[in-house]
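Student: Quick one: sequence and predicted model below, then my questions.
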Amino acid sequence: MKVHFIAIGGSAMHNLAIALKLKGFEVTGSDDEIFEPAKGRLAKYGILPESIGWHPERITPDLDAIILGMHARIDNPELVKAKELGLKIYSYPEYLYEQSKDKIRIVVGGSHGKTTITSMIIHVLQQNHIDCDYMVGAQLDGFEVMVKLSEEAKIMVIEGDEYLTSPIDRRPKFHVYQPTIGIVSGIAWDHINVFPTFDIYVEQFEIFANMIPADGKFIYCEDDEVLPKLSERITGTHKQPYGVHPHHITDGVTYLETPYGEYPLQIFGKHNLTNLNAARYACMAVGVGEEDFYKAISTFKGASKRLELVTKSGDCAVYKDFAHSPSKLKATISAVREQFPDRHLVACMELHTFSSLTEKFLAQYAGAMNESDTAIIYYSPEAIKLKKLPPITPEMIFNAFGREDIQIFNDSSLLKDNLLRINPKNTVFLLMSSGDFNGLNISELGEKIISLRAQK
């Protein structure tokens, strides 16, 4: 099979390209920008484009498929050429479905927790020697790529994003995957540039749930404000609600309480204990014994940037997390507060997504950081310009979060200086963003904070 990727440099796209290369496909691709780590990883597998830019001459009649990335525009010259030649054009989700249409597809949807639940399921299946293909949105410890495709596996586990499928396909990605077992972790309005009202956003999850066949299963969080009522409207499939798994915390370690005894975890937080229950029901639906699930999940270390420990020493620790939406922000801060109730909690969050940098949406953050002792917000005026959004001001942010002592920065060097002035004794630093604080090296910052702790 000869496959060409238009916009091969994307996080998901380059992983799929590598997965197909490993499967024995002949893979080529183009992009107008490719950054690390995609650049180095594509080069490692011999599929890094020789030159940057779009090259219609690379689109030839002998190609079996074109895979179109979300980054490409409708008038992309390679896409235009592919249409002229009548080639098969797939979006990224369409091609994943094409590769998994004869498998059991576990699709994990929801406004938060998707990556963690997907990662948990993959981990447990592998620990129990159950072969599975997968697509997950973060790098996992011990995994070379975020996508695996094979002929042998009878199961595919897919992180089901609700964002658009491609520039020429306005369906949410998770509709394309056609779930056999569908999970929805929770619904909190996001992507307002695509779903202008909350009702339209909720409708996408109802469509997703109704796609599950009669012999499948709809697994949903019963603690969510919307999902219990939505589930009442779902017919024709088995329904499995879930909530927070029974647990307790002793000496900073979370233990699961199960019929088979207590199991210590390497992760923490009520949102993770809820995510774990979703993974448990999905794994049991494909043949994993309940006790075997608990044994396997006790070794799960978490996904990249999901309450990931950067560094720690004594009574000081630095964590980073992907949290950016209001619901994710609240859940992550609450998790750290519960795990370290006696420490000073510094919560620092970057407004980075389209929604979070929009004045209309900012009001959704009201009270989101109230459980932290020190609350800090960072945003980049350059990011706002790149997204072609109207400017936002510190006053807008201050009014939205509703906290008198909130600190607001739009210069990452000043943000770093401020963080280093905070007394690190008996303190947890929590840095949250779907970006990188405009190039701030969090690992170096963490080591500097720990070195200052040693000097105190």
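Tutor: Sure thing, it's come through.

Student: part of a helix, is residue 398?
Tutor: Yes - per DSSP: H, G, I helix; E, B strand; the rest coil, residue 398 lies within a helix segment.

Student: who's in contact with it?
Tutor: Taking Cβ atoms under 8 Å, 6 or more residues apart in numbering, we find residue 398 in contact with 406, 408. The way it works is simple: take the backbone N, C-alpha and C, and place the C-beta from them, glycine included.

Student: In the helix or strand residue 175 falls within, which residues are buried?
Tutor: Using DSSP states H and E, residue 175 maps to helix 173-176. Across helix 173-176, burial judged by 16 or more other Cβ atoms under 10 Å covers 173-176.

Student: Please apply the same query to stretch 420-434.
Tutor: Quick answer for stretch 420-434 (16+ other Cβ under 10 Å): 422, 424, 427-434.

Student: quick one: which of the buried residues of helix 173-176 is nearest residue 293?
Tutor: When the buried residues of helix 173-176 are compared for distance to residue 293 (Cβ to Cβ), residue 174 wins out at 24.0 Å.

Student: any idea how far the closest one lies from residue 143?
Tutor: The gap separating residue 174 from residue 143 is 22 Å, by Cβ to Cβ, to the nearest Å.

Student: Could you do residue 132 as well?
Tutor: As defined by Cβ to Cβ, residue 132 lies at a distance of 12 Å from residue 143.

Student: Between these two, tell me which one has more neighbours.
Tutor: Applying other Cβ atoms under 10 Å to residue 132 and residue 143 shows that residue 132 carries more neighbours, namely 20 against 16.

Student: The nearest residue to that one once chain neighbours are set aside pairs with what?
Tutor: Using Cβ to Cβ, 6 or more residues apart in numbering and skipping residues adjacent in sequence, the residue nearest residue 132 is residue 155, 4.3 Å away. Listed beta-bridge partners, residue 155: residue 104 (assigned using DSSP bridges).

Student: cool, and the one 4 residues further on?
Tutor: On the basis of DSSP bridges, residue 159 is bridged to residue 108.

Student: And for it, the neighbour number?
Tutor: Neighbours of residue 159 under the rule other Cβ under 10 Å: 27.

Student: cool, and residue 363?
Tutor: 13.

Student: where's it relative to residue 401, distance?
Tutor: Distance from residue 363 to residue 401, by Cβ to Cβ: 10 Å.

Student: swap in residue 101?
Tutor: Residue 101 is 45 Å from residue 401, by Cβ to Cβ.

Student: what comes into contact with the worst-scoring helix or strand of the chain on mean pLDDT?
Tutor: Every helix and strand of the chain was ranked by mean pLDDT, DSSP states H and E. The lowest is strand 164-166, at a mean of 83. Residues outside strand 164-166 that contact it (Cβ under 8 Å, 6+ apart): 68-70, 72, 91-94, 170-173, 175-176, 194.

Student: do the same with stretch 357-373
Tutor: With contact meaning Cβ under 8 Å, 6+ apart, stretch 357-373 is reached by 189, 192-193, 325-326, 329-330, 333-334, 337, 344-347, 349, 351, 355-356, 375, 379, 383-384, 387, 389-390, 392, 396-397, 400-403, 406, 430.

Student: Now go through the residues you listed and say which are in helices.
Tutor: Secondary structure from DSSP state H places 326, 329-330, 333-334, 337, 383-384, 396-397, 400-401 of these in helices.

Student: Weed out the non-buried ones from those.
Tutor: Buried among the ones in helices among the contacts of stretch 357-373 (16+ other Cβ under 10 Å): 326, 329-330, 333-334, 337, 383-384, 397, 400-401.

Student: Pick out whichever of those residues sits closest to residue 258.
Tutor: Proximity of those to residue 258 was ranked by Cβ to Cβ; the top entry is residue 334 with 23.3 Å.

Student: coming back round to it: C-alpha coordinates for the helix holding residue 175, PDB please?
Tutor: Taking Å, rounded to 0.1, in the frame of the first residue of the first chain, the C-alpha atoms of helix 173-176 are listed here in PDB:
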ATOM      1  CA  LYS A 173     -14.100  12.700  15.000                       C
ATOM      2  CA  PHE A 174     -15.700  10.300  17.500                       C
ATOM      3  CA  HIS A 175     -18.800   9.900  15.300                       C
ATOM      4  CA  VAL A 176     -16.600   8.500  12.500                       C
END
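
Student: Mind listing the strands whichever strand in the chain runs longest pairs with, and their directions?
Tutor: In the chain, with assignment by DSSP state E, the single longest strand is strand 344-351. Here strand 344-351 has these sheet partners by DSSP bridges: strand 374-379 (parallel), strand 427-432 (parallel).

Student: export the first one as PDB, just CAs?
Tutor: Read it as strand 374-379. In PDB, the C-alpha atoms belonging to strand 374-379 read as follows (Å, rounded to 0.1, in the frame of the first residue of the first chain):
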ATOM      1  CA  THR A 374      -2.100  30.900  45.300                       C
ATOM      2  CA  ALA A 375      -3.800  31.300  41.900                       C
ATOM      3  CA  ILE A 376      -1.800  32.500  38.800                       C
ATOM      4  CA  ILE A 377      -3.000  33.000  35.200                       C
ATOM      5  CA  TYR A 378      -0.700  33.400  32.200                       C
ATOM      6  CA  TYR A 379      -1.700  34.300  28.700                       C
END
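
Student: Could you pull up the mean pLDDT of stretch 334-345?
Tutor: Stretch 334-345 shows a mean pLDDT of 93.

Student: Could you export that stretch as CSV, CA atoms only?
Tutor: Extracted in CSV, the C-alpha atoms of stretch 334-345 (Å, rounded to 0.1, in the frame of the first residue of the first chain):
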residue,chain,number,x,y,z
SER,A,334,-9.1,19.4,43.7
ALA,A,335,-7.1,16.2,43.2
VAL,A,336,-3.8,17.9,44.4
ARG,A,337,-5.6,19.5,47.3
GLU,A,338,-7.1,16.2,48.4
GLN,A,339,-3.7,14.4,48.1
PHE,A,340,-1.7,17.1,49.9
PRO,A,341,-4.2,18.8,52.2
ASP,A,342,-1.6,20.4,54.5
ARG,A,343,0.7,21.9,51.8
HIS,A,344,0.5,25.3,50.2
LEU,A,345,-0.9,24.8,46.7
